[in-house]
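**Student:** coordinates only, sequence not included:
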């Protein structure tokens, strides 16, 4: 758990409006603007000449931007990590996410139902994106990108806890913990695009009271005389709670290990999809591949979380894999002269304090002799320590996220 309450407060103050207010604004905006019966034209937000801008595209874009913002703010404000590796990865990850989602839509039988030959694969405007497949493509790219980019010297750090200070590489699992839970916000907002297209709904609602409630709140769920379960809304609410619990609450849990939050995202979303998919209307029902993938997500996430707290704890002590398991620190400005003086001063004070507490008269005599002989050295050291404290007033004391602990350091 992070001890710097100011940094935690800044992080919460900058991310809670995005995580809570933005979804509420989407809900209020869409439910206010979209009244009456659904028509195909309702899926168009506005037109620029002959180009129609769809609500689905706006929701997906809003989800991407909010997810990037949440990931960057956690890396920057809470973990104190360099965020430019993630910036560059977005240029690779976003196109891969769209291509992966499109590919998955054909695999699970969504887009391939209307295009069995895959001839319109790049016609994204025709519909058909499977988000979980987009996430899998991004994860595969991240497992290659981050270990490679984080080998650069600018992202390495000197570990102040060792003597002499060792240079270590940054762990990609720190980035996983920041990026993966932030994807929830993209899935929450993206589901409203399904509503605007009158997609992803469940069975027909037979209850009179609830039927009237849904008709008044979400009129686009009515098709003819039938009103359907807003499955997109149920999934969005489940992902919203996943965002709050994993991105915010779980971050404050002590004794968690690096990688736990990222794995919890895959566990949570795998359960949500495995539960929701069987209740879809037959028009939007997927083949068995979709449910199988969701179950695989759940099983793999559970196994890796268990291993993360058992086997991988010991593996990290050895350099079996320098990119996946070694303990790492984050890069910062380091002054070896200052830290050496600090350690020498603290060690001297600790030695003096321990000797003074001894009740043996002989040791008290020895201590007095040592102090008499080294008065000049102690005075000089105290003078340097005063200069150090004066210098530290002009420096910013900060901390960084490590694998499983917090490291405090001096940074300009």
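**Tutor:** Everything's here; your move. Computed from a predicted structure; not experimentally measured. Numbering: from 1, shown residues only.
**Student:** Just list the residues touching residue 264, thanks.
**Tutor:** By Cβ atoms under 8 Å, 6 or more residues apart in numbering, the contact list for residue 264 reads 181, 246, 250, 301, 305. No exception for glycine: its C-beta is placed from N, CA and C like everyone else's.
**Student:** again with residue 240
**Tutor:** Applying Cβ under 8 Å, 6+ apart to residue 240 gives the contacts 23, 184, 188.
**Student:** which regions of the stretch 151-300 of the chain sit below the pLDDT cut-off?
**Tutor:** Along the stretch 151-300 of the chain, segments meeting pLDDT under 70 span 157-167, 284-287.
**Student:** ok, the contacts of residue 240 vs residue 200, which is closest?
**Tutor:** Residue 200 lies nearest to residue 188 out of the contacts of residue 240, by Cβ to Cβ, at 13.3 Å.
**Student:** Quick check: phi and psi at the closest one.
**Tutor:** When read as degrees, to the nearest 10, the backbone of residue 188 gives phi -60, psi -50.
**Student:** So residue 299 versus residue 177, what's the distance?
**Tutor:** According to Cβ to Cβ, to the nearest Å, residue 299 and residue 177 sit 21 Å apart.
**Student:** cool, and residue 120?
**Tutor:** 38 Å.
**Student:** Equivalent analysis for residue 139, please.
**Tutor:** From residue 139 across to residue 177, the span is 14 Å (Cβ to Cβ).
**Student:** Looking at those two, which is more packed in?
**Tutor:** residue 177 (29 against 17; other Cβ atoms under 10 Å).
**Student:** Verify the contact between the more buried one and residue 258 for me.
**Tutor:** Yes - Residue 177 lies in contact with residue 258 (Cβ atoms under 8 Å); the separation is 6.5 Å.
**Student:** about what we covered before: for the contacts of residue 264, which one is nearest residue 144?
**Tutor:** Nearest to residue 144 out of the contacts of residue 264 is residue 301 (Cβ to Cβ; 20.4 Å).
**Student:** what helix or strand is that closest one on?
**Tutor:** helix 288-309 (DSSP states H and E).
**Student:** can you pull the buried residues of that helix?
**Tutor:** For helix 288-309, a neighbour-count test (16 or more other Cβ atoms under 10 Å) marks 290, 291, 293, 294, 297, 298, 301, 304, 305, 308 as buried.
**Student:** now it, how far from the chain's geometric center?
**Tutor:** Mean-position distance between helix 288-309 and its chain equals 18 Å (Cα atoms, centre = their mean, to the nearest Å).
**Student:** Please tell me how far the nearest residue to residue 55 once chain neighbours are set aside sits from residue 366.
**Tutor:** The shortest distance from residue 55 to any non-neighbouring residue, by Cβ to Cβ, 6 or more residues apart in numbering, is to residue 196 (3.7 Å). Residue 196 is 83 Å from residue 366, where distance means Cβ to Cβ.
**Student:** which of these two has more neighbours?
**Tutor:** residue 196 (22 against 13).
**Student:** isn't that one right up against residue 60?
**Tutor:** No - Residue 196 is beyond contact range of residue 60, at 11.2 Å (criterion: Cβ under 8 Å).
**Student:** what touches both of those two?
**Tutor:** What both residue 196 and residue 60 touch, as defined by Cβ under 8 Å, 6+ apart, is an empty set.
**Student:** what helices or strands is the longest helix belonging to the chain leaning on?
**Tutor:** Counting residues, the longest helix found in the chain (DSSP state H) is helix 84-107. Using 3 or more Cβ pairs under 8 Å, 6 or more residues apart in numbering; DSSP states H and E, the elements in contact with helix 84-107 are helix 55-73, helix 131-149, helix 172-179.
**Student:** can you list the residues that contact the second one?
**Tutor:** Helix 131-149 has contacts (Cβ under 8 Å, 6+ apart) with 85, 88-89, 92-93, 96-101, 103-105, 107-108, 155, 172, 175-176, 179, 183, 187, 190, 269, 273, 290, 293-294, 297, 323-324.
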